[in-house]
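K.L.:
predicted model and sequence follow; I will ask about them next.
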Amino acid sequence: MREPVELRRQRIMSVVESRGPVKVSVLAAELDVSVVTVRRDVEELTRAGRLRRGHGVARPLREPAGAAPAPVVRGDGPAGEGGAVALVVPERHSYLYETLHGARGVLEEAGIRIALHIAPQSAGAERPLVERALADGVRGLLIAPRWRHALSEELDYGWLADVGVPTVLMERRPRPGSALHALDSVCSDHWYGVHLAVEHLVALGHRRIVLAARDDSPTARTVRAAFAAIAAGRPEVEDWTVVLSSPNAVPGPGPAEAGQVPAASPGSAGHAPDLAALLRERGATAAVLHGDVDALMLVQRLAENGVHVPGDCSVVAYDDVVAALGSTPLTAVSPPKAEIGRAAAELLLHRLSGAAGASGPVRRTELLPELKVRGSTQEVTPVTG
């Protein structure tokens, strides 16, 4: 039976008032709840004027008699002895930067020092960064490799499976049966995100839908494959196609991707189509656009060609990093980017804690995106003749 919130908070009060400042991570371990749960409790108790909150530490309003000075948080608590956690993300990737900040909050609350490494866009850039971090003595790794195409992903499987410290993949799901299949991972359920987009458009009466999507990341490849499967399986969808959202949205030199959309889909040859012309050609009334920057630029291009959003074409963006900032705020599928980072960091802390079950089964966690409806979608106006 779950412990009542007020009882748990009273236990926190008792510990802090009797001992003085206590790390949030220590409280979480003693109460057998997550660091995030304790952090929220401490925030509420602070707002209520019952505690004071420091950097990763809960403090009493008054120091108990004989209490030791407040501890300096150096990552030497129950998550292990010394060393930082390495966090590796690609450069110029605003989507994953939100994930980074989610992880950062959890690690800082736990008093864990973060060693941030930004991987340049060159192939194989993550490996030397990880090797350097390991040489510096990091004790855990959170990583989101770029993996622009299948070959770069395959080349990382061997060394990443043998880094020798607890590792959690963020927003990446390795190929089933690969060397990384049995590696902890936390990612968005992008199939469900695409389902939300198609479901929303179909409910508004759209029957002819275009996906303009990138093709240079694991997320992009999943979005393309999911759209093809979902649209083909919906009897209401009379016509669909998949095209590139930008001339730069391709993986660059590398092998042909397996499991891509049918070769007959226009725009799959490495150049972005004239979306306005394509919509007219196929009689499409709706488009799903991945990612946000490409989506906003495509909407601008549609307007230049006399196609108004949502009057002539409803648009759903995928990513929701800047989709709300367009002149017409875009309805968007919003993966839980910061929550991915938080969940990955909590899982890594669990692996590092040494607590019972910390070396238990591999966890492959999926979090569901949500659809944020704004001004770029509307019901189809029936054609009368």
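P.N.:
Nice, I can see it.

K.L.:
need the distance between the two termini of stretch 138-158.
P.N.:
Stretch 138-158 stretches 20 Å from its first residue to its last (CA to CA, to the nearest Å).

K.L.:
next, W159: secondary structure please.
P.N.:
helix (DSSP: H, G, I helix; E, B strand; the rest coil).

K.L.:
equivalent analysis for L371, please.
P.N.:
Quick answer, by three-state DSSP: L371 is strand.

K.L.:
and R59, what does it touch?
P.N.:
R59 is in contact with V16, G20, P21, L51, R52, R53, A70, counting by CB atoms under 8 Å, 6 or more residues apart in numbering. Using the backbone N, CA and C atoms, a C-beta is placed for each residue, glycine as well.

K.L.:
now, the residues you listed that are in strands?
P.N.:
In this view, those that belong to strands under DSSP state E are R52, R53.

K.L.:
drop anything exposed from the contacts of R59.
P.N.:
The neighbour-count test (16 or more other CB atoms under 10 Å) applied to the contacts of R59 identifies V16, G20, P21, L51, R52, R53 as buried.

K.L.:
which pair in these has the greatest spatial separation?
P.N.:
The distance between the two most remote of the buried ones among the contacts of R59 (CB to CB) is 14.1 Å, for G20 and R53.

K.L.:
show me which of the contacts of R59 is closest to P60.
P.N.:
V16 (5.0 Å).

K.L.:
where does the stretch 101-250 of the chain have low pLDDT?
P.N.:
The stretch 101-250 of the chain contains no residues with pLDDT under 70.

K.L.:
please, where are all the helices along it?
P.N.:
126-135, 150-160, 190-203, 218-233 (DSSP state H, counting those that start in this stretch).

K.L.:
of all these, which lies closest to E304?
P.N.:
Closest approach to E304 among these (CB to CB): helix 190-203, 23.3 Å.

K.L.:
helices or strands up against that closest one?
P.N.:
Helices and strands touching helix 190-203, as assessed by 3 or more CB pairs under 8 Å, 6 or more residues apart in numbering; DSSP states H and E, comprise helix 218-233, strand 286-290, strand 314-318, strand 331-334, strand 370-372.

K.L.:
how about these in a markdown table, adding mean neighbour count and distance to G111?
P.N.:
What follows is the helices and strands packed on helix 190-203, written out as a markdown table (neighbours: other CB atoms under 10 Å; distance: least, CB to CB, whole Å):
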| stretch | mean neighbour count | distance to G111 |
| --- | --- | --- |
| helix 218-233 | 21 | 32 |
| strand 286-290 | 29 | 38 |
| strand 314-318 | 29 | 36 |
| strand 331-334 | 26 | 31 |
| strand 370-372 | 16 | 32 |
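
K.L.:
buried ones in stretch 175-188?
P.N.:
Buried-residue list, stretch 175-188, by 16+ other CB under 10 Å: A179, L180, L183, D184, S185, V186, C187, S188.

K.L.:
restricted to strands, list those residues.
P.N.:
S185, V186, C187, S188.

K.L.:
just name the closest of those residues to V26, please.
P.N.:
Closest to V26, out of all of those and judged by CB to CB, is V186, at 24.1 Å.

K.L.:
state the distance from T377 to G205.
P.N.:
11 Å (CB to CB, to the nearest Å).

K.L.:
with P166 instead?
P.N.:
Distance from P166 to G205, by CB to CB: 49 Å.

K.L.:
same thing with V38?
P.N.:
48 Å.

K.L.:
tell me the mean pLDDT over stretch 374-385?
P.N.:
Averaged over stretch 374-385, pLDDT sits at 80.

K.L.:
then stretch 320-328?
P.N.:
The pLDDT scores in stretch 320-328 average 94.

K.L.:
which of P166 and G205 has more neighbours?
P.N.:
Taking neighbours as other CB atoms under 10 Å, P166 and G205 compare with P166 leading, 21 against 15.

K.L.:
residues in contact with that one?
P.N.:
Counting by CB under 8 Å, 6+ apart, P166 has contacts R139, G140, L141, D184, L348, R351, L352.

K.L.:
swap the cut-off to 6 Å and go again
P.N.:
Residues near P166 by CB atoms under 6 Å, 6 or more residues apart in numbering: G140, L348, R351, L352.

K.L.:
top of those residues by number of neighbours, please.
P.N.:
L348 (29 neighbours).

K.L.:
in this structure it contacts V138, no?
P.N.:
No - judged on CB atoms under 6 Å, L348 makes no contact with V138 at a distance of 11.1 Å.

K.L.:
burial count for the nearest residue to V106 once chain neighbours are set aside?
P.N.:
Among residues not flanking V106 along the chain, A345 sits closest, at 3.8 Å (CB to CB, 6 or more residues apart in numbering). Residues lying near A345 (other CB under 10 Å) number 31.

K.L.:
pull the CA atoms of stretch 49-60 into CSV?
P.N.:
Output in CSV follows, covering the C-alpha atoms of stretch 49-60 (Å, rounded to 0.1, in the frame of the first residue of the first chain):
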residue,chain,number,x,y,z
GLY,A,49,7.5,27.4,5.3
ARG,A,50,8.3,24.2,7.1
LEU,A,51,11.8,23.6,5.6
ARG,A,52,14.6,25.4,3.8
ARG,A,53,15.9,24.0,0.5
GLY,A,54,19.5,24.1,-0.6
HIS,A,55,21.4,22.7,-3.5
GLY,A,56,20.4,19.0,-3.4
VAL,A,57,19.9,19.4,0.4
ALA,A,58,16.9,19.7,2.7
ARG,A,59,17.6,22.0,5.7
PRO,A,60,15.6,22.7,8.9
